[in-house]
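Asker: quick one, what's the 3D model for this:
(2 chains)
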Protein chains: 2
Amino acid sequence: MVTVRKWDVFEISVHGASEGNPYLERTVSAVFEGSSERISVDGFYDGNGTYRVRFMPSFEGEYTYVLDGSYGGGRVEGCFTVLPPAVDSHGPVHVAGGYHFAYADGTPYYPLGTTCYVWHLQSDERISETLQSLRESAFNKIRFCIFPKHYDYNLGEPRSYPYEGTPMDSSVLTRDNFYEYTFKTEGNAFDYTRFNPEYFRHIEHCILELQRLGIEADLIMMHPYDRWGFSSMTPEQDDLYWRYAIARFAAFRNIWWSLANEYDLLPSKTLSDWERYASILCASDPYQHLRSIHNCRAFYDHSRPWITHCSIQRQDLYRSSEQVNEWRARYRKPIVLDEIAYEGNIQHGWGNITPEEMNRRFWEAACRGGYPGHGETYMNPDDVLWWSHGGLLHGESWKRLDLLSEILCMTPGIGLAPYEHCGWDEVCAVPESEFMLPVKSYYLYYYSFMRPSFRDFYFDNDTPFRVRVIDTWNMLIEERGIHTGRFRIELPGKQYMAVQIIRQTVSC
Amino acid sequence: MVTVRKWDVFEISVHGASEGNPYLERTVSAVFEGSSERISVDGFYDGNGTYRVRFMPSFEGEYTYVLDGSYGGGRVEGCFTVLPPAVDSHGPVHVAGGYHFAYADGTPYYPLGTTCYVWHLQSDERISETLQSLRESAFNKIRFCIFPKHYDYNLGEPRSYPYEGTPMDSSVLTRDNFYEYTFKTEGNAFDYTRFNPEYFRHIEHCILELQRLGIEADLIMMHPYDRWGFSSMTPEQDDLYWRYAIARFAAFRNIWWSLANEYDLLPSKTLSDWERYASILCASDPYQHLRSIHNCRAFYDHSRPWITHCSIQRQDLYRSSEQVNEWRARYRKPIVLDEIAYEGNIQHGWGNITPEEMNRRFWEAACRGGYPGHGETYMNPDDVLWWSHGGLLHGESWKRLDLLSEILCMTPGIGLAPYEHCGWDEVCAVPESEFMLPVKSYYLYYYSFMRPSFRDFYFDNDTPFRVRVIDTWNMLIEERGIHTGRFRIELPGKQYMAVQIIRQTVSC
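Answerer: Alright, predicted model coming up:
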């Protein structure tokens, strides 16, 4: 009996033609049918005459399939049984409760992401190191690029290329001249219609490694940091790329689609290009994985229906997470702050904030009902920066995210909403599901950079509330007992304090 | 020979009627005439049958005067000689260069103010302590109220009252109920048409003490923190107060007029009231001392012609000094940030920022061509908070202002303007007078909370520039030599760094 677990990948591999350009000239697709779903998916050419079709079943039970196409091997039929998922498998993540996320099995998912743009294009040793760093962290999402990256601190060659061909001679590059080579295609000899399957197989390996760690892979499909011509292909080549990537990656339950990092910096792409990619994605990804598009300056119109959540790079040097409320109100979608500057000390202003400020932005975002993202850019002799290469974490903010994760998991319901009736000088979150109710079961206050020595509270005359004081920087939680009516909570007069107030249900 | 120094106070004292209500029923005024000015000023009743007229001469040489009025003592004539000012006397401060200030003798004045709302209404010992604290600081402006203050941490009685009468019984006040007594006039028995001259004489003594320290007295004429009825007098009583205060204070060279602290919190005053006070002030102050009006939430319309400079309380919890550029552009007047929150640890969000953040806001404001203001609100067992009572300075930010003052004094010309062509991730100031010139002689870069490990600079190929690196928190200045063309300045990867770049004029 052929079996697969629900939300795992069921793959059919067939042999077909290898002459000509199979990527362009051949097709393969299959229809999968169980008692609760019937899904058509396109497959892809994986080189050496091998064609594959991948499918992620969303239901348990018996499935049949029919594979066909011009790939040269004819029609194939088969059947398999979908077993219950593994204990730690909760399915793909989708939007839940308007502003939040949950796995397919209903388990809430609170994204705490990081960014390592091309961690997967480094050496095997570095990749192992990155995975070990991730294992020790609270991160449950990572943003990375399908294409290699050309930028400051990113002048080296990737481990391989997504297309057949050869790159420009990168020995001419220096820290001072690399800008001049950005978007230049001279010297490259790639065939943008012939993929390098090994390149994509390696990405799939990395996606699976992340899956084992419970980490969502937020795939950045396009980006402007390019010297190889991958950002300036023709529309036909772009569409070929999108269909190929979707056919390869969509069946992995832990992937998200980020159409671009800094879409507005790609000079050769127009709004209609982005909309066309989105159309392809919506039509070709049967699982409707999460979709977003990330800005440098101007936001993409996050109200577009195909965008599932806002992937935001902050636009203001001083305010980032503080704007979650207004973005929630404007877009009515989950707010994921994929770039709120990085902890570090490089020369660029986007990469040199303190760990304290990073941690502050995390709490500020979370207590406003948004989801913050991390990154690290510390100078080091080897120019191995977490933000791009992965490797070791050198900072301090990542160590504090276990605490935030722990607190988020205490949220009643699916996620937190900003409490609009709190004081002007505090941030307060309440459960999203209780937003419209006059009585809330839970309040999470945050005092950010302010240093109150005490705060007074009053909710009603009778209800007992359990109070916990959280030092978000020093990672200390103090139980402060049960309080009723008007009560005062003494605080240490330090920055970065939170107060958790939990309504006690009185049993009769 | 009767003499007075230029910009000092020449006072004529005469004896007149004391029966009835001289404040309401009697007048006294004088005309002063020298070769370069002819000034009419109103005098005031100082109690016990004494009337006084005060005059501040703006020119040296011979003056005559004629005093007259219904005060009961008849016409008086006289003459005096105005001598050169004392070495440390530079005259009153006025707006200069559009966005800046200078003393009457042309010396640039860079305001670095603090706030001690009712320091002058404390005990003699506390007042001496405050003056000693000011002497040891770089502050050259202090904001304080003419009327006493009723508010959290301000429940005690002032040393005396501005009017004849008796106050409500303040023994009923507690930290929890004081709000209920704000704006309540019950229990007070003041005659709002009979001043207490001793109260005003004491304020004048304090103004003169400040003058000796080279400190401008930014007099807050009205404010909402009141339980004595001083904020809810009739228009006639208000106008009497304004005329009396102007007659008493205007001749002191170091005074500024702040029409209100938080004008928008006085429920009984309308826009036309504020405009009427301004009209009285413009008509009655012959020296046209600086005039401003300070907000809680909405700004007063700072474009009103009588407003000489913007006195701003920041409106955003997160951004304060960062908005100087936009306020400069909107109002085209000096931007004085009289409240950007206070260093301290009290429960209120306006009074619990760190010294580092306070110092950052100072530098951020200065490097954007604005003028920041200080205040301190540290908890202590005696409830003596600098912000209101003066006394000792307990914080850390005030110690750093000597350095900022020293750097501001190096500014070529009258003051700094924001350099609009700097990088998005830095703040940079250039001399206001060179704002329109293609070549600047001076750049002051500031990196705020960011931590670059180096920055690259390029101005032109040939000019030598002297570079100084300033650690604004640790108060260290490093000379980094002369640089030409493209150059890199190594930085320590710490917050709060500034870089001073000074064009070297090559002597032939």
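Asker: assign the residue nearest to the spatial centre of chain A to helix, strand or coil.
Answerer: By C-alpha atoms, centre = their mean, chain A has its centre lying nearest to residue A:218, at 3.5 Å. Secondary structure assignment for residue A:218 (DSSP: H, G, I helix; E, B strand; the rest coil): strand.
Asker: can you list the residues of the stretch 351-500 of chain A near chain B?
Answerer: A:352-354, A:357, A:379, A:423-426, A:449-456, A:493, A:495 (C-beta under 8 Å from any C-beta of the partner chain). For glycine as for every other residue, the C-beta is placed from the backbone atoms N, C-alpha and C.
Asker: try it again with 10 Å
Answerer: A:351-354, A:356-357, A:364, A:378-379, A:423-427, A:447-456, A:486, A:488, A:491-495 (C-beta under 10 Å from any C-beta of the partner chain).
Asker: helices - which of these land there?
Answerer: Cross-referencing those against helices under DSSP state H gives A:356, A:357, A:364.
Asker: from residue A:352, how far off is the nearest residue to the second one once chain neighbours are set aside?
Answerer: Going back to what we said before, that points to residue A:357. Of all residues not flanking residue A:357 in the chain, residue B:449 sits nearest, at 6.2 Å (C-beta to C-beta, 6 or more residues apart in numbering or on different chains). According to C-beta to C-beta, to the nearest Å, residue B:449 and residue A:352 sit 9 Å apart.
Asker: cool, and residue A:282?
Answerer: Note on residue A:282: its distance to residue A:352, by C-beta to C-beta, is 38 Å.
Asker: again, but for residue A:43
Answerer: Distance from residue A:43 to residue A:352, by C-beta to C-beta: 46 Å.
Asker: one more: residue A:240?
Answerer: Per C-beta to C-beta, residue A:240 is found 39 Å from residue A:352.
Asker: which one's more surrounded, these two?
Answerer: Per other C-beta atoms under 10 Å in any protein chain shown, whichever of residue A:240 and residue A:352 has more neighbours is residue A:352, with 28 against 18.
Asker: then the least confident helix or strand in chain A by mean pLDDT to CSV, C-alphas only?
Answerer: Every helix and strand in chain A was compared by mean pLDDT, DSSP states H and E; the lowest is helix A:178-181, with a mean of 94. The C-alpha trace of helix A:178-181 is given here as CSV (Å, rounded to 0.1, in the frame of the first residue of the first chain):
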residue,chain,number,x,y,z
PHE,A,178,29.3,46.9,-6.8
TYR,A,179,26.4,49.4,-7.2
GLU,A,180,27.5,49.9,-10.8
TYR,A,181,27.0,46.2,-11.6
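Asker: for residue A:208, which non-adjacent residue is closest in space?
Answerer: Counting by C-beta to C-beta, 6+ apart, residue A:208 lies nearest to residue A:252, which is 7.2 Å off, once chain neighbours are set aside.
Asker: quick one, phi psi at the one you found?
Answerer: With angles defined as degrees, to the nearest 10, residue A:252 sits at phi -80, psi 130.
Asker: that one contacts residue A:211, correct?
Answerer: Yes. If you go by C-beta atoms under 10 Å, residue A:252 and residue A:211 touch, sitting 6.8 Å apart.
Asker: of these two, which one has the most company?
Answerer: Set side by side, residue A:252 and residue A:211 show more neighbours around residue A:252, with 23 against 20, by other C-beta under 10 Å.
Asker: against residue A:11, how distant is that one?
Answerer: 11 Å.
Asker: same question for residue A:5.
Answerer: The gap separating residue A:5 from residue A:11 is 13 Å, by C-beta to C-beta.
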